[in-house]
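Visitor: Can you look at this prediction? I've put the sequence above it.
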Amino acid sequence: MKIPWRRLKFLALGLGLVIGLGLIYWAVANARAAARVAEKIAALRAAGEPTSLMDLRREPIPPETNAMTYLDQAAPAAKAMVSAVDDVEEKATEEEQNAFEENRPSPAILAAMREALAAHPEVMPLIERAAACPDFDPQLDYSAKTHDFLVKAMQERFSALRNVWRVLRYRALVQLADGQRDDALRTCLLMFRLARHADQQPLLLNFLVTTALRLISIRVTETVLYAGPVATELRTVLEEELGRQDLAHSWREASRSDRAYGTEYFHEMAEGPMGMTYRQLPMFKNDQCDYLDLLDFCIQTSDRPFADEKVQDELARVEREAGTLTRLMLPALNATRVSRFRTETLLHALRMLNAIQRREQAGEVNEPRLDELGLPAVATRDPVNGEPLQIKKTPQGWLIYGVGTNLKDDGGQLRDLSDFGIGPK
């Protein structure tokens, strides 16, 4: 059989042309993607925005003005207190454990909390000094690699803060059991003040943790308020403190720092073992651009309701079209958004409950209109959909709620999170 050399020659030339055109296309696409990344980072730097972990570092503050100084001193004893109570809780029945989650400790758990507080009297003064401090610096190692920064430094801080909140919860529940409702509410105020301090830690992961700590604060405060009357002046202080809990601002700052962290992560990818792959493939650079665009969108829309159509449409587009790494972080981002808006709803509901109870203590018995509560209009709105929150008077007490993530009114179904809000247990 005669070999068709002429035909093979033309096929080889055609294949070479296709490969050559492909390489040119790849080189142009890679150069354009690299230019997009450089342009976005240059724009952030020109605007004074952080683009690396080191950019998040603050100038040192005097230790005596840093809340972290006193929280660090309290950390070992707080850990021991939590461990002692956990030992007793683990031996409790499932029913007792569930009741404790709802701030109804059994006699054994209550005794364990009381003993833990008595065994470490030095802890509460340290926590009170921390809450009174004018500033907070977590003293993180911003020169660390992104993995070490996230896993080591941040985890240590998360664990320490969680223990502090659990100790404060112990104290409030013991005070409540002793009939000291005013003192229990003062302990709740410490939680909210410390939450504003904790907001100064970077990353959306920290925002999620701090939001969880706020949820503990809200639930304990809710328990105290439903337990009976408290001093009117304390209600005023509580309203002022709740008004300072600005989750939209905290979300923006966490997103800004997360954008810097992500930029550092992509930089490490380019310089590390995957460096050659990153530099040669435009998909990674386009992925970085998608990530920067997503975080910028989060920052720009931080004041919008959860159900805002523009926000929902953009997140859906990112899920369809963004790069792999950006899409991988989207579920965590969405979960953090849900936690934020749930907690924000509960903060508004708690302010409304406090205002309604103030009216009742003053002799007002009728169900109030929202404009009669003496609150800013924003504090009576549902952060999820922007509509007014619902108020219902039940035989057990006031039920105040908004819609959940299904965006429909389920009549105040709080236990399964169909609706978000607060109500008597």
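Guide: Sure, I can see it.

Visitor: residue ranges with poor pLDDT in the stretch 201-350 of the chain?
Guide: Applying pLDDT under 70 to the stretch 201-350 of the chain flags residues 272-280.

Visitor: List the buried residues for stretch 359-369?
Guide: R359 (16 or more other Cβ atoms under 10 Å). For every residue, glycine as well, the C-beta is placed using N, CA and C.

Visitor: which sections of the stretch 1-150 of the chain are below the confidence cut-off?
Guide: 1-30.

Visitor: try it again with 90
Guide: Where the stretch 1-150 of the chain drops to pLDDT under 90, the residues are 1-38, 58, 138-141, 147-150.

Visitor: For it, just list every one of the helices.
Guide: Assigned by DSSP state H, counting those that start in this stretch, the helices in the stretch 1-150 of the chain fall at 5-46, 67-90, 94-101, 107-119, 123-132, 146-148.

Visitor: Now those in a markdown table, please, with extra columns for mean neighbour count and distance to A332.
Guide: Listed next are these as a markdown table, based on neighbours: other Cβ atoms under 10 Å; distance: least, Cβ to Cβ, whole Å:
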| stretch | mean neighbour count | distance to A332 |
| --- | --- | --- |
| helix 5-46 | 12 | 22 |
| helix 67-90 | 19 | 26 |
| helix 94-101 | 13 | 24 |
| helix 107-119 | 17 | 33 |
| helix 123-132 | 18 | 29 |
| helix 146-148 | 13 | 15 |
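
Visitor: what's the closest of those helices to V237?
Guide: helix 123-132 (12.9 Å; Cβ to Cβ).

Visitor: dump the residue contacts of A335.
Guide: A335 is in contact with L208, counting by Cβ atoms under 8 Å, 6 or more residues apart in numbering.

Visitor: ok, it to A144 distance?
Guide: 26 Å (Cβ to Cβ, to the nearest Å).

Visitor: one step back: please produce a markdown table containing the helices of the stretch 1-150 of the chain, extended by distance to L399.
Guide: Output for the helices of the stretch 1-150 of the chain, formatted as a markdown table (distance: least, Cβ to Cβ, whole Å):
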| stretch | distance to L399 |
| --- | --- |
| helix 5-46 | 45 |
| helix 67-90 | 29 |
| helix 94-101 | 20 |
| helix 107-119 | 27 |
| helix 123-132 | 31 |
| helix 146-148 | 45 |
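
Visitor: tell me the phi and psi of P305?
Guide: Here is the backbone geometry of P305 (degrees, to the nearest 10): phi -60, psi 160.

Visitor: And S106, by the same measure?
Guide: Torsion angles, degrees, to the nearest 10, at S106: phi -70, psi 160.

Visitor: number of nearby residues for it?
Guide: 17 (other Cβ atoms under 10 Å).

Visitor: right, and it touches E96 too?
Guide: Yes. S106 is within contact range of E96, at 4.4 Å (criterion: Cβ atoms under 8 Å).

Visitor: Could you report the neighbour count for the nearest residue to L53 once chain neighbours are set aside?
Guide: Leaving aside its sequence neighbours, L53 sits nearest to Y142 (Cβ to Cβ, 6 or more residues apart in numbering; 4.5 Å). Counted with other Cβ under 10 Å, the neighbours of Y142 add up to 17.

Visitor: Tell me who's in contact with Y142.
Guide: Counting by Cβ under 8 Å, 6+ apart, the residues that Y142 touches are 53-54, 56-57, 149.

Visitor: Now distance to W398 too, for these, in CSV please.
Guide: Output for those, formatted as CSV (distance: Cβ to Cβ, whole Å):
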residue, distance to W398
L53, 46
M54, 49
L56, 42
R57, 46
F149, 44
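
Visitor: which of those lies closest to L247?
Guide: Closest to L247, out of all of the contacts of Y142 and judged by Cβ to Cβ, is L56, at 20.1 Å.

Visitor: quick one, what contacts the closest one?
Guide: So L56 contacts 50, 142, 202, 257, 260 (Cβ under 8 Å, 6+ apart).

Visitor: which one of those residues is nearest A80?
Guide: Once Cβ to Cβ is applied, the member of those that ends up nearest A80 is P202, at 28.8 Å.

Visitor: That closest one: how many residues sit nearby?
Guide: P202 has 23 nearby residues by other Cβ under 10 Å.

Visitor: residues of stretch 138-156 that come out buried?
Guide: For stretch 138-156, using 16+ other Cβ under 10 Å, the buried residues are 138-140, 142, 146, 149, 153-154.

Visitor: Same question for stretch 343-363.
Guide: For stretch 343-363, by 16+ other Cβ under 10 Å, it's 343-359.

Visitor: So what's the gap between that stretch and the chain middle?
Guide: 23 Å (Cα atoms, centre = their mean, to the nearest Å).

Visitor: outside of it, which residues touch it?
Guide: 211, 214-215, 218, 221-222, 225, 229, 232, 235, 238-239, 242-243, 245, 247-248, 368, 370, 372-375, 379-384, 389, 391, 398, 400-402, 420-422.

Visitor: can you pull out the strands in this structure?
Guide: 390-394, 397-403, 419-422 (DSSP state E).

Visitor: outside of the shortest one, which residues touch it?
Guide: Contacts of strand 419-422 with the rest of the structure, by Cβ under 8 Å, 6+ apart, involve 218, 222, 341-342, 345-346, 349-350, 353, 384, 389-390, 399-404, 409-414.

Visitor: same thing with the second one?
Guide: Counting contacts by Cβ under 8 Å, 6+ apart, the residues outside strand 397-403 that touch it are 226, 345, 348-349, 352-353, 356-357, 382-385, 387, 389-393, 409-410, 412, 414, 419-424.
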